[in-house]
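Visitor: Got a predicted structure here, sequence first:
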Amino acid sequence: MSGDVLQATWEHLWLTGLSVGLATLIGVPLGLWIIRYRFLSSGVLAGVGVIQTIPSLALLGLLVPLLGVGVAPALVALFLYALLPIVRATYTGLDGVDPKALDAARGMGMTPWQVLRQVALPQSLPVVMSGIRTSTVINVGVATLAGFIGAGGLGGLINMGLAMVDWRRIAMGAVPAAILALVLDWLLGRLERRLVPRGLRVG
């Protein structure tokens, strides 16, 4: 039984990590893009925000006819759910960068890329990381629903427990999911402390 939990936990971690990783690869550049073209920001944020209004099971139900059951629809749904916090945090973080620091960097002759890499991104990184942490915690919870469409993870144990009316099996899926969310949030917090320059850290 412990082997089942370990296997399900690994599957859950893989689903969460891959979906949040993909959302970060897409969401951060998208946030950079809409901070450059601000007139598009409202539309883009509203577009990715609409996804958050769709209940998780309903979104999975919409994707199953298109992608079948299993991992594919689960990954797409998790990716879509992770996108909004990352895009919004990137946009908000960059929007909050001190304009005087940007003007000073340009006055020193920095190129736009150097200003972004050496000034804007370091100052906005705490906010960007908060978006990634939020998406990770959300996806750990949403990923439990992946078990209902045969994608594995801890949701498979919960689904089996519900079918068998076995509260012990339900707890074997729910408790590790809660612990996993806390551990991942803590690890990302540690990563944030390493990435964010000391002078920009909060607390």
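Guide: All right, it came through fine. Since the model is a prediction, treat every value here as computed from it, not as a measurement.

Visitor: Now do the same contact list for the spatially most central residue of the chain.
Guide: Closest residue to the average C-alpha location of the chain: Ser135 at 2.8 Å, with Cα atoms, centre = their mean. Ser135 is in contact with Val20, Ala23, Thr24, Tyr81, Ala82, Leu83, Pro85, Ile86, counting by Cβ atoms under 8 Å, 6 or more residues apart in numbering. C-betas here are computed from N, CA, C, even on glycine.

Visitor: Name the nearest residue to it, sequence neighbours excluded.
Guide: Once flanking residues are discounted, Ser135 sits nearest to Ala82: 3.9 Å by Cβ to Cβ, 6 or more residues apart in numbering.

Visitor: just Ile35 next, same as before
Guide: Ile35 sits nearest to Leu94 (Cβ to Cβ, 6+ apart), 4.4 Å away.

Visitor: how about the helices in this protein?
Guide: 2-36, 41-52, 56-67, 71-95, 99-107, 112-115, 121-142, 154-164, 167-195 (DSSP state H).

Visitor: out of those helices, which comes closest to Phe148?
Guide: helix 154-164 (5.4 Å; Cβ to Cβ).

Visitor: could you give the angle of that closest one to helix 167-195?
Guide: 160 degrees (axes from the mean of the first three to the mean of the last three Cα atoms, to 10 degrees).

Visitor: can you list the helices of the chain in a markdown table and add mean pLDDT?
Guide: Below are those laid out as a markdown table (pLDDT from 0 to 100):
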| stretch | mean pLDDT |
| --- | --- |
| helix 2-36 | 90 |
| helix 41-52 | 89 |
| helix 56-67 | 87 |
| helix 71-95 | 92 |
| helix 99-107 | 84 |
| helix 112-115 | 82 |
| helix 121-142 | 91 |
| helix 154-164 | 85 |
| helix 167-195 | 90 |
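
Visitor: Export those to a markdown table and append columns for distance to Phe148.
Guide: A markdown table is the format used below for the helices of the chain (distance: least, Cβ to Cβ, whole Å):
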| stretch | distance to Phe148 |
| --- | --- |
| helix 2-36 | 13 |
| helix 41-52 | 19 |
| helix 56-67 | 7 |
| helix 71-95 | 9 |
| helix 99-107 | 48 |
| helix 112-115 | 45 |
| helix 121-142 | 11 |
| helix 154-164 | 5 |
| helix 167-195 | 12 |
